[in-house]
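Visitor: Next input, structure requested:
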Amino acid sequence: LAANSFAAGTSGDTKSGDMLNFKLNKVKSVELQADQVQYSVVDSKAQARGNVVVTADQTILTCDQLELDRILNVGVAEGHVYIDSPQSQVDADEGTFNFNNQSGTFKNARIYQFPYQIKGKVVDRMSPEHVVMSNGYITTSDHDDPFFRIASRKIDVYPGDKAVARHVRVYLGKVPVM
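Guide: Have a look, this model is predicted:
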């Protein structure tokens with residue numbers, strides 16, 4: 001279903017199992033698929049529920065439900081949020097993601113950004129080059145329950161360069177060793 005034919009409808013149009021294509025400012029296009037999609041012409045927002053898949057250039061976002069703002073190019077996702085991009089993978093309970101600059105804020109999130117795995121209650125991806133983790137840990141282990149990790153209230157990670165943390169605790173398994 002093309003954006004121009006969808007925009008010709010009224011606010012609250014509902015389609016089931018359809019695709020919705022948007023042209024955004026910085027990404028070439030966004031394709032939205034879900035079991036149910038509603039689009040409002042008045043505020044240029046799409047709401048999707050059930051098996052939501054958003055594809056924007058080389059980035060794929062999946063979740064249970066999503067509200068996509070066409071003007072701001074921002075998606076607010078809830079339930080089993082997973083983002084796969086060339087720079088990293090994000091696995092979270094919920095989050096807000098900007099498709100233009102690849103930034104976002106995620107709750108109860110884990111980000112895999114080589115060579116690090118970052119897990120925290122709140123993870124802010126400021127850009128693909130800067131991630132800020134709050135109340136969590138960083139590790140180079142790829143296990144779900146890592147054997148070693150560095151925990152802190154806040155860690156700034158610059159993938160491929162460095163990680164900056166203060167007041168850290170080093171854990172081997174569940175035991176703090178330093």
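Visitor: Would you give the sheet partners of whichever strand or helix holds residue 164, along with the direction of each?
Guide: Secondary structure assigned from DSSP states H and E places residue 164 in strand 162-165. Applying DSSP bridges, strand 162-165 is found paired with strand 148-158 (antiparallel).
Visitor: low-confidence ranges in this structure?
Guide: 1-28 (pLDDT under 70).
Visitor: 80 - rerun?
Guide: Under the criterion pLDDT under 80, the flagged ranges of the chain are 1-29, 114.
Visitor: For it, which segments count as helices?
Guide: Listed in chain order, the helices found in the chain under DSSP state H are 3-7.
Visitor: Contacts for stretch 115-124 next, please.
Guide: Residues from elsewhere that reach stretch 115-124, judged by Cβ atoms under 8 Å, 6 or more residues apart in numbering: 90, 92, 103-111, 131-142, 146, 155, 157, 159, 163. (Glycine included, C-beta is placed from N, CA and C.)
Visitor: Residue 127: what's it in contact with?
Guide: 101-103.
Visitor: Enumerate the beta-bridge partners assigned to it.
Guide: residue 130.
Visitor: Kindly report the same for residue 176.
Guide: Beta-bridge pairing for residue 176 (DSSP bridges): residue 171.
Visitor: any idea how far it is from residue 163?
Guide: Counting by Cβ to Cβ, to the nearest Å, the gap from residue 176 to residue 163 is 19 Å.
Visitor: I'd assumed residue 37 was in contact with residue 47.
Guide: Yes - if you go by Cβ atoms under 8 Å, residue 47 and residue 37 touch, sitting 7.3 Å apart.
Visitor: between those two, who's got more neighbours?
Guide: Shown here are residue 47 and residue 37; by other Cβ atoms under 10 Å, residue 37 has more neighbours (25 against 18).
Visitor: So what pairs up with that one in the strands?
Guide: Here residue 37, judged by DSSP bridges, has bridge partners residue 15, residue 48.
Visitor: Surely it is in contact with residue 50?
Guide: No - using Cβ under 8 Å, residue 37 is not in contact with residue 50; the gap is 9.5 Å.
Visitor: got the contacts of residue 127 as CSV, with distance to residue 58 and neighbour count columns?
Guide: Formatted as CSV, those follow (distance: Cβ to Cβ, whole Å; neighbours: other Cβ atoms under 10 Å):
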residue, distance to residue 58, neighbour count
101, 14, 14
102, 10, 22
103, 16, 17
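Visitor: what would those residues look like in a markdown table with distance to residue 172?
Guide: Converted to a markdown table, those look like this (distance: Cβ to Cβ, whole Å):
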| residue | distance to residue 172 |
| --- | --- |
| 101 | 37 |
| 102 | 34 |
| 103 | 33 |
